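Student: sharing a model prediction with you, sequence too.
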Amino acid sequence: MRIAIFYRTLSENIATVLNHIQSLEIQTIVNPTGNFEADFAISFGGDGTFLCSARQVFNQNIPILGVNCGRLGFLASTSLDNAIDAINNIINQNYKITERSVIKASGNALKGSNIAINEFSIQKQTGAMVNIEISINQNPPHSYWADGVIIATPTGSTAYSMSVGGAILSPECQSFIISPIAPHNLNVRPLIIGQQEVIRITASTRDSSPIRLTLDNRYFEIESGTTYTVTQCPTKLRLIELPGDSFYQTLRNKLSWAIDPRS
């Protein structure tokens, strides 16, 4: 068995987990780049580290587990205290693989990987609002002024999209959610669409000032008037789900979903 290990800073607690893996005579590769071979991948850190690690393993179809060393850690849902138990479960094949939809974006200024596990977003970069023009499946475009727009996967529905009022989607949903950011129109609301839909977005500003585009935690400066196409990537991200873990349990543990504060 070969395990790819990702982390940003080697803490004492992470070193303890790595020593446990090595004591089992399991081969490890640390922070690999490019093409590499591994049976599993483990990301130590917060959700930002997990997203970077997941992009490394995505095209190689390697399942990944996130171990949370940060604060919230919604994607990296396994705690560092439980990391050794998690590894033992993996070794004993006591887990299941779940698949998550991924966004594919195309357009100018996108360098390197053009996928997003959480969301694609366009945001204002100065004080001026952005005119967002969205067309779905070549239907007549819908246009509005706002601070920006987010297109989120079900995985990303608990991230930036949720913070601007978007719905939370189960990972089982074959949908994307389009969430406007502070729209200047009362009739603009989040919209849930099927993942087979093709979305075209043109963003512009009155003064032609630059606009910010994000793919998860990567940022790009784009020119006013640029058009982008957003679709579902044919390949899905594979996540390791351990016994007792579930999307709804994570919602409850991390976001206090369905917990009555009066009790």
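Tutor: Yep, it's here. Residues are numbered from 1 along each chain as shown.
Student: domains in this structure, as residue ranges please.
Tutor: What the record gives for the chain is the domain set 2-100+236-255, 103-232, from automatic domain parsing.
Student: need the ones you listed in CSV (columns: mean pLDDT).
Tutor: Conversion of the domains of the chain to CSV gives the following (pLDDT from 0 to 100):
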stretch, mean pLDDT
domain 2-100+236-255, 92
domain 103-232, 93
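Student: okay, these in JSON lines with mean neighbour count and distance to residue 261 next?
Tutor: In this view, the C-beta of every residue, glycine as well, is placed from N, C-alpha and C. Shown next, in JSON lines, are the domains of the chain (neighbours: other Cβ atoms under 10 Å; distance: least, Cβ to Cβ, whole Å):
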{"stretch": "domain 2-100+236-255", "mean neighbour count": "17", "distance to residue 261": "13"}
{"stretch": "domain 103-232", "mean neighbour count": "18", "distance to residue 261": "18"}
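Student: distance to residue 262 added to the ones you listed, as TSV?
Tutor: Output for the domains of the chain, formatted as TSV (distance: least, Cβ to Cβ, whole Å):
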stretch	distance to residue 262
domain 2-100+236-255	16
domain 103-232	22
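Student: for residue 45, list each beta-bridge partner.
Tutor: Per DSSP bridges, the residues bridged to residue 45 are residue 68.
Student: surely it and residue 76 touch.
Tutor: Yes: if you go by Cβ atoms under 8 Å, residue 45 and residue 76 touch, sitting 6.5 Å apart.
Student: what do those two both touch?
Tutor: 67, 68, 69, 70 (Cβ atoms under 8 Å, 6 or more residues apart in numbering).
Student: so can I have JSON lines of those residues showing distance to residue 104?
Tutor: Output for these, formatted as JSON lines (distance: Cβ to Cβ, whole Å):
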{"residue": "67", "distance to residue 104": "28"}
{"residue": "68", "distance to residue 104": "27"}
{"residue": "69", "distance to residue 104": "30"}
{"residue": "70", "distance to residue 104": "28"}
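Student: what's the farthest-apart pair in these?
Tutor: Maximum pairwise distance among the shared contacts of residue 45 and residue 76 (Cβ to Cβ): 10.2 Å, between 67 and 70.
Student: so what sits against both of those two?
Tutor: What both residue 67 and residue 70 touch, as defined by Cβ under 8 Å, 6+ apart, is the set 45, 76.
Student: dump stretch 249-258 to PDB, restricted to CA.
Tutor: Extracted in PDB, the C-alpha atoms of stretch 249-258 (Å, rounded to 0.1, in the frame of the first residue of the first chain):
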ATOM      1  CA  GLN A 249     -23.600  14.300  10.700                       C
ATOM      2  CA  THR A 250     -21.000  16.800   9.500                       C
ATOM      3  CA  LEU A 251     -23.700  19.400   9.100                       C
ATOM      4  CA  ARG A 252     -24.800  18.900  12.600                       C
ATOM      5  CA  ASN A 253     -21.300  18.800  14.100                       C
ATOM      6  CA  LYS A 254     -19.700  21.600  12.200                       C
ATOM      7  CA  LEU A 255     -22.700  24.000  11.500                       C
ATOM      8  CA  SER A 256     -25.100  23.000  14.300                       C
ATOM      9  CA  TRP A 257     -27.700  22.000  11.800                       C
ATOM     10  CA  ALA A 258     -31.000  20.700  13.400                       C
END
